[in-house]
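Chemist: any chance you can model this:
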Amino acid sequence: MTSDRFRVLPKVELHLHLDCSLSFGAVRTLKPEVTFDEYSSDFVSPARVTDLADLLRRNARSLALQQNSQGLELAVHDLMRQLREDGVIYA
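Modeler: Predicted coordinates:
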């Protein structure tokens, strides 16, 4: 399958935002009551947003979880794990 071939290739991430990168697992670690449906609607941007304001509204809850050392440290480790799993060698 073509996508499997790309998965193993080394990649470079040119632009990302820590506040927009929390996985469901990281969110659940910081706020266990968040359901997957809630995570999908409040923490993940849809494929298409109406404007920049719509996009920025999506990261308010993620930012709130990163306002202390525990949340920030978890977010960084979570992002590094995601990048490693995706084969990213430089970000």
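
Chemist: give me the pLDDT for the residue most central in space within the chain.
Modeler: What sits nearest the mean C-alpha location of the chain, by Cα atoms, centre = their mean, is residue 21, with 1.9 Å. pLDDT, residue 21: 93.

Chemist: residue contacts, it?
Modeler: Neighbour list for residue 21: 75, 78-79, 82 [criterion: Cβ atoms under 8 Å, 6 or more residues apart in numbering]. No exception for glycine: its C-beta is placed from N, CA and C like everyone else's.

Chemist: and what of residue 18?
Modeler: 66, 75-76, 79.

Chemist: against residue 5, how distant is the residue nearest to the centre of the chain?
Modeler: For residue 21, the distance to residue 5 (Cβ to Cβ, to the nearest Å) stands at 25 Å.

Chemist: what is the neighbour count of residue 78?
Modeler: By other Cβ atoms under 10 Å, the residues close to residue 78 number 19.

Chemist: Validate this expectation: it resides in a helix.
Modeler: Yes: according to DSSP: H, G, I helix; E, B strand; the rest coil, residue 78 belongs to a helix.

Chemist: what's the helix or strand for the closest residue to residue 29 other than its chain neighbours?
Modeler: Distances taken as Cβ to Cβ, 6 or more residues apart in numbering place residue 74 nearest to residue 29, at 6.1 Å, with adjacent residues excluded. Using DSSP states H and E, residue 74 sits in helix 69-85.

Chemist: same for that helix, what does it pack against?
Modeler: Under the contact definition 3 or more Cβ pairs under 8 Å, 6 or more residues apart in numbering; DSSP states H and E, helix 69-85 sits against helix 24-30.
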